[in-house]
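>>> turn this into a model:
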Amino acid sequence: MSMALSLSDAIDQLIAEEAIAALPAWTGAPLGFTSCYYSSTDLDAAAERRNKINATKPWTERIRHGWTADYCGARSVVGAHTITSYTADLRCLWDYHQVEPGQRPRLLSERIPCECVGDYLHLIVCDTCELHWIDSDWNVVVEAWHDHAFPGWRQLPILPAKLRGQMGTRKMTPKLEEWLDANYPPEFRVPGAPILTDRGGSGTRHVPEYSPYGGFDLSVDEQGRA
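Numbers count the residues shown, from 1 in each chain. As a prediction, this is how the structure comes out:
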């Protein structure tokens, strides 16, 4: 069943269609989901184009599942490498599967069976080396990037709790600097380097920019396992 558009809605639709038609032909990264490598520049440009198109589309016609910059993640240059993080939501947006035009399902039993591919994913890109890592677990992609950019990080000693606490200051205190100088090799005392902490089960997410060197606070257990 189709719904007749009002005159104002029809005019808005024409304006939107003209705006989309006026955009230059797109030859960049896919606007929807992709598991192929693209640089952060390409992914940012795709997100910008997708947003422009979606701004002219009703909810049910928008481009979905594309990579979006993760503003709670990481974006920086670390030595010879870069790190830029994105997210993509591949879970079922059940609003998309409408029972009737203009009607949204209210109960699970009313929803139309879907074939959405199904998870919330994290992506980290190293533009320098043209590499990327994808997983549904944030910690997994962060650890993979560290294996690449900071090989050997898994063998680092755990920062003593008395120097940091669970999620204490990220500042470099004199006592912390003394301990790091004595226990971390020179290649792990550089801008962007991580530290390993055992937070005692209070939180296990790897946190960007929470190392005193500006890198990650990597959460491990008392045996040093990430």
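
>>> from here on, just use CA atoms for contacts and neighbour counts.
Noted.

>>> secondary structure element for Ile134?
Here Ile134 sits within strand 131-135, counting by DSSP states H and E.

>>> ok, and what's touching that strand?
With contact meaning C-alpha atoms under 8 Å, 6 or more residues apart in numbering, strand 131-135 is reached by 35, 37, 121-126, 141, 144-145.

>>> now neighbour count, secondary structure and pLDDT too, for the residues you listed, in JSON lines please.
Converted to JSON lines, the contacts of strand 131-135 look like this (neighbours: other C-alpha atoms under 10 Å; DSSP: H, G, I helix; E, B strand; the rest coil; pLDDT from 0 to 100):
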{"residue": "Ser35", "neighbour count": "11", "secondary structure": "coil", "pLDDT": "95"}
{"residue": "Tyr37", "neighbour count": "16", "secondary structure": "coil", "pLDDT": "98"}
{"residue": "Leu121", "neighbour count": "19", "secondary structure": "strand", "pLDDT": "95"}
{"residue": "His122", "neighbour count": "25", "secondary structure": "strand", "pLDDT": "97"}
{"residue": "Leu123", "neighbour count": "24", "secondary structure": "strand", "pLDDT": "98"}
{"residue": "Ile124", "neighbour count": "26", "secondary structure": "strand", "pLDDT": "98"}
{"residue": "Val125", "neighbour count": "25", "secondary structure": "strand", "pLDDT": "98"}
{"residue": "Cys126", "neighbour count": "26", "secondary structure": "strand", "pLDDT": "98"}
{"residue": "Val141", "neighbour count": "21", "secondary structure": "helix", "pLDDT": "97"}
{"residue": "Ala144", "neighbour count": "16", "secondary structure": "helix", "pLDDT": "98"}
{"residue": "Trp145", "neighbour count": "21", "secondary structure": "helix", "pLDDT": "98"}
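
>>> tell me which residue is most central in the protein.
Tyr86 (2.8 Å; C-alpha atoms, centre = their mean).

>>> which residues of this structure fall in helices?
If you assign secondary structure with DSSP state H, the helices in the chain sit at 7-22, 40-54, 138-149, 161-164, 174-183.

>>> and the ones you listed: which comes nearest Thr197?
helix 161-164 (7.7 Å; C-alpha to C-alpha).

>>> quick one: average pLDDT of the closest one?
Here helix 161-164 scores 78 as its mean pLDDT.

>>> can you list contacts of it?
175-176, 197-199.

>>> what subset of those residues is buried?
176, 197-199 (16 or more other C-alpha atoms under 10 Å).

>>> I'd like the helices of the chain as TSV, with distance to His81 appended.
Shown next, in TSV, are the helices of the chain (distance: least, C-alpha to C-alpha, whole Å):
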stretch	distance to His81
helix 7-22	37
helix 40-54	13
helix 138-149	7
helix 161-164	28
helix 174-183	23
